[in-house]
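# sharing a sequence plus its predicted fold:
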Protein chains: 2
Amino acid sequence: VSGDSQKRLGEFALIETLFSPLAAAAPGAAALKDDAALLSVPAGAELVATVDTLVESVHFRRIDPPDLIARKGLRVNLSDLAAKGARPENYLLALSLASWIDDEWLRRFADGLAADQKEFGITLVGGDTTATPGPLTFSITAFGSVPAGRILRRAGAAPGDCVFVSGTIGDAGAGLEMLEAVPPTDLGQPAGLAGRYLLPQPRAALGSELIGLASASLDVSDGLIADLGHIAAASGVHIEVEAARIPLSAALQSLWGTGMHAIVRAATAGDDYEIAFTAPPSVRAEIGAVAARTGIPVTEIGRVLAGQGVTLHDSSGRPMALARPGYSHR
Amino acid sequence: VSGDSQKRLGEFALIETLFSPLAAAAPGAAALKDDAALLSVPAGAELVATVDTLVESVHFRRIDPPDLIARKGLRVNLSDLAAKGARPENYLLALSLASWIDDEWLRRFADGLAADQKEFGITLVGGDTTATPGPLTFSITAFGSVPAGRILRRAGAAPGDCVFVSGTIGDAGAGLEMLEAVPPTDLGQPAGLAGRYLLPQPRAALGSELIGLASASLDVSDGLIADLGHIAAASGVHIEVEAARIPLSAALQSLWGTGMHAIVRAATAGDDYEIAFTAPPSVRAEIGAVAARTGIPVTEIGRVLAGQGVTLHDSSGRPMALARPGYSHR
């Protein structure tokens, strides 16, 4: 056994030690000592599954704090579950270890998973670990439960519906710009715009409350306009967004300004992990009550019409030309 | 948009075109046009989930036929499901595309998935595609159904049980040796020992028949002795294997010979994807009937005792010393 293989074997043993406690609360995990996991499905519920892969230097940087890399991996999936109206249940972790990974990195990665398991009530049930000669790569498959027949889909928006979005838009894009402009250091707890990029805030509390209210829903990851385009395409409708109503944070406005240029940039940036959804005007008040109850702001930004595609309108109602609808970080 | 990005965008569009038909039979897939899949769980059943990652130049070679790479990825998961007694239902595919991948490769990869979907009755329900600056990497998360409460685990073997294994052992290890010794070419339909390495034959028909018979079960991927060690550890028992009873193929014997050396090599090679299981002697006849019905040979190779660990015994009953219990291709 070569020195490198020795190191690898030590790491695999460490992973067992570090990850087993993460699976302790899931009986179906068999303490990670079996070939497969048994998934729990609450009575009367259906299981929703989503998978996202994060690749070093594509979705995160090697120098990013390991706990934040782990939490970002979980959170992009939690955001998908939330947008489908699902409550987090379990996840599988498929980890391809790059040669530069060391024990300390693994410890901090596991710490990040532990922190978000606690925050979002999700539990590891299984996975796979392999070595890779390439960049660190990991896939998380997350499972959530929805009441049977009630999953929120991209299809379902109807002419006459209103268009809503949670939180503020464009912050992660502005944060990435800031991170790329300054020499990176170990960031510890990220805050502000950079934090919105490094550590998405999935709207876990909002999603399940939208069941029975929203007609279509998704999470904003490719950019608000691009993602509303997905709802428009799946639903066979036209979506009209009023630029001036798109919610922007004060931090973003102090960086990018308050003009139409800043709004367009925000609406075509990516990594927001807000929920964009449509709903009939008759449930406006109920949506306001959900926003108040969850403490998650929800803003009405447009309407659904017959037709196709997404248009962004300036304050005089004129549709604006967009160079590109969003950012693809695939 | 750079030329490279253009190429990537074209590939993502092609993947949508190629993969959508693979999901046509699964209503929960929403034609792959949503953020998450709805998993089907038959009434009275539970869902079993397993994930495996395959990395270029770790688990397959770039020059391997793309359809075989895809099928191997599915089959290592199908083997896990079979060993747990589960029937295949759905899978998610997380694909990290290396820069060398071209359209023809993608077409052949999708063809491989289509062929095995048909052969094993499993359907794509979702996934994620990303670019990677590193080696081609993909994770498949496969779902199967078992009657509620009946999943076959590694734990459960009891003193007095017999030890069984399906098929023949060591063929894939011998096949890999052959492949490494000859200049590789495009292999088309692999046959013989090389075929056992390139295209595992998961014992899908056998696994679900073992429910109610087997006390513990797993698939042999790290090597027969190493994997029986996992049953011994999880069950808290000692497993004694008679070397002379380990089933070897004629092809393997003509390459490695028939002596004890060949048997030990076979029992410590990897990638067999046979099912090793334990069962009480009272169900021996029923196991024989299952083997006859499924056409999958099953051989009794040892017994379960109180104690711990695995020992391999020569024809005079003496335990043999092993340099290593198995092969770790992690």
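Right, received. Where do you want to start? Numbering: from 1, shown residues only, chains lettered A, B, ... in the order given.
# report the closest residue of chain A relative to chain B.
Residue of chain A nearest chain B, by C-beta to the nearest C-beta: residue A:134 (2.2 Å). The way it works is simple: take the backbone N, C-alpha and C, and place the C-beta from them, glycine included.
# for that residue, give its distance to residue B:102.
Per C-beta to C-beta, to the nearest Å, residue A:134 is found 19 Å from residue B:102.
# likewise for residue A:133?
21 Å.
# sec struct for residue A:239, please.
Each residue gets one of three states, and residue A:239 gets strand by DSSP: H, G, I helix; E, B strand; the rest coil.
# how about the contacts made by it?
Contact analysis of residue A:239 by C-beta atoms under 8 Å, 6 or more residues apart in numbering or on different chains lists A:157, A:163, A:228-229, A:231-232, A:278, A:302-305, A:309-311.
# mind putting those into CSV with pLDDT?
As requested, these are exported to CSV (pLDDT from 0 to 100):
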residue, pLDDT
A:157, 98
A:163, 98
A:228, 97
A:229, 96
A:231, 97
A:232, 97
A:278, 98
A:302, 98
A:303, 98
A:304, 98
A:305, 98
A:309, 95
A:310, 96
A:311, 95
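# now these in JSON lines, please, with extra columns for neighbour count.
Output for these, formatted as JSON lines (neighbours: other C-beta atoms under 10 Å in any protein chain shown):
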{"residue": "A:157", "neighbour count": "28"}
{"residue": "A:163", "neighbour count": "26"}
{"residue": "A:228", "neighbour count": "32"}
{"residue": "A:229", "neighbour count": "18"}
{"residue": "A:231", "neighbour count": "26"}
{"residue": "A:232", "neighbour count": "25"}
{"residue": "A:278", "neighbour count": "26"}
{"residue": "A:302", "neighbour count": "24"}
{"residue": "A:303", "neighbour count": "18"}
{"residue": "A:304", "neighbour count": "25"}
{"residue": "A:305", "neighbour count": "15"}
{"residue": "A:309", "neighbour count": "13"}
{"residue": "A:310", "neighbour count": "25"}
{"residue": "A:311", "neighbour count": "19"}
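# surely residue A:31 meets residue A:24?
Yes - the criterion here is C-beta atoms under 8 Å, and residue A:31 meets it with residue A:24 at 7.4 Å.
# tell me which of these two has more neighbours.
For residue A:31 versus residue A:24, neighbours defined as other C-beta atoms under 10 Å in any protein chain shown are more numerous around residue A:31 (15 against 12).
# did I read that right, the more buried one in a strand?
No - counting by three-state DSSP, one finds residue A:31 to be helix, located in no strand.
# okay, now the residue lying closest to it once chain neighbours are set aside: neighbour count?
Spatial nearest neighbour of residue A:31, excluding adjacent residues (C-beta to C-beta, 6 or more residues apart in numbering or on different chains): residue A:20 at 5.9 Å. If you count neighbours by other C-beta under 10 Å, residue A:20 ends up with 14.
# surely residue A:20 is within a strand?
No - remark: residue A:20 does not belong to a strand; assigned using three-state DSSP, it is helix.
# how near is residue A:46 to residue B:294?
Following C-beta to C-beta, the distance that separates residue A:46 from residue B:294 is 32 Å.
# neighbour count: these two, which is higher?
residue A:46 (20 against 17).
# what's downstream of the helix or strand encompassing the more buried one, the next helix or strand?
Using DSSP states H and E, residue A:46 maps to strand A:45-55. Where DSSP H and E defines the elements, the next helix or strand beyond strand A:45-55 is helix A:66-83.
# mind giving me the packing neighbours of that following helix?
strand A:45-55, strand A:87-97, helix A:103-120, strand A:137-147, helix A:204-207, strand A:216-219, strand A:275-279 (3 or more C-beta pairs under 8 Å, 6 or more residues apart in numbering or on different chains; DSSP states H and E).
# closest to residue B:82 out of those?
strand A:87-97 (18.5 Å; C-beta to C-beta).
# so where is chain A shaky, pLDDT-wise?
A:1-9, A:183-190, A:323-330 (pLDDT under 70).
# ok, now how distant is the residue nearest the centre of chain A from residue A:248?
What sits nearest the mean C-alpha location of chain A, by C-alpha atoms, centre = their mean, is residue A:76, with 2.9 Å. Using C-beta to C-beta, we find residue A:76 at a distance of 22 Å from residue A:248.
# straight-line length of stretch A:217-237, end to end?
With C-alpha to C-alpha, to the nearest Å as the measure, stretch A:217-237 spans 14 Å from end to end.
# could you find the closest non-adjacent residue to residue A:47?
Using C-beta to C-beta, 6+ apart, the nearest residue to residue A:47 is residue B:39, at 4.4 Å.
# next: residue A:77.
residue A:142 (3.7 Å).
# quick one: neighbours of residue A:85, just the number.
Residue A:85, neighbours per other C-beta under 10 Å, totals 28.
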